[in-house]
Structures are given as C-alpha cells and as structure tokens.
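>>> Mind folding the following:
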Amino acid sequence: MKYRMRSYETNPPGNYFYEQRPPKGRRFGPEPLIEAVAKQVWRYRQGNSLPGATYAESLKDVDYYMANGPLRGNLAFVVPATEGEAQVVPLQADAPGLVPCKGCGAPLPTS
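Predicted coordinates for the structure are as follows:
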C-alpha cells in the first residue's frame with residue numbers, strides 16, 4: 001500500500017528530510033517545514049541537471065519519501081493513497097516555479 005502525507009501543517013517526529021539517490025546522492029534536512037526541504041532538493045537537482053528539477057516534483061518526492069519510508073503506517077501523519085492520489089500534493093499558490101493564478105492576486109497574461 002502507498003501512503004501520502006496527511007498534512008504539511010504538523011511537523012513529524014524527526015522533522016522532514018529526504019535522501020537523493022545516487023549517482024549524485026545527498027541527504028537533505030532535517031527541517032521543520034516540508035517546503036524548505038523541497039526547495040533544497042529542487043535547487044540541488046537544477047544545479048546538477050538531475051531529473052525532477054521542478055519545485056512540484058521535488059515536493060511530491062519528499063512527501064512520498066517521508067510517507068512511505070520513515071513514517072510508513074503511522075496514521076497520525078500519513079493516509080493511504082489511491083493510485084491517483086499518490087501523485088497529488090497540496091501546493092501553495094505562491095510556490096516557486098508555478099504559474100500565478102487568480103487566487104493569489106498575481107496579474108495574469110491577457111490573451
């Protein structure tokens with residue numbers, strides 16, 4: 001069974017962290033905010049021309065890593081994910097690398 005984080009509002013035991021796989025492996029964190037770890041992973045991947053070098057992909061990977069690794073089965077922090085839900089993570093409107101939307105007040109290009 002696959003899991004996803006229940007919420008990013010609650011700091012899990014040991015904080016959030018992530019281990020990038022080789023060939024350019026590296027450990028990120030621990031940090032109390034998942035967004036901080038995702039930004040570190042995102043910048044590292046961009047700087048080293050690694051796949052998944054967007055903020056959204058990095059956040060998804062940190063979420064999946066935490067939910068299916070250190071926190072696996074701890075239902076206080078994770079929830080079972082259906083096949084489609086395993087790829088869905090909540091993103092803030094002002095998350096780096098994302099297109100502005102009407103909800104965040106940023107101007108939109110006119111067509």
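
>>> centroid residue for the chain?
L59 (1.6 Å; C-alpha atoms, centre = their mean).

>>> now it: how far from E9?
Distance, L59 to E9, by C-beta to C-beta, to the nearest Å: 15 Å. Using the backbone N, CA and C atoms, a C-beta is placed for each residue, glycine as well.

>>> Tell me how many other residues crowd Y65.
By the criterion of other C-beta atoms under 10 Å, Y65 has 19 neighbours.

>>> thought it was touching Q20?
No. Counting by C-beta atoms under 8 Å, Y65 does not reach Q20; the two are 9.6 Å apart.

>>> can you tell me how far the residue nearest to the centre of the chain sits from V41?
Noted for L59: a distance of 8 Å to V41, by C-beta to C-beta.

>>> what do you get for K60?
Separation of K60 from V41 (C-beta to C-beta) stands at 10 Å.

>>> Compare those two (neighbour count), which wins?
Per other C-beta under 10 Å, whichever of K60 and V41 has more neighbours is V41, with 26 against 19.
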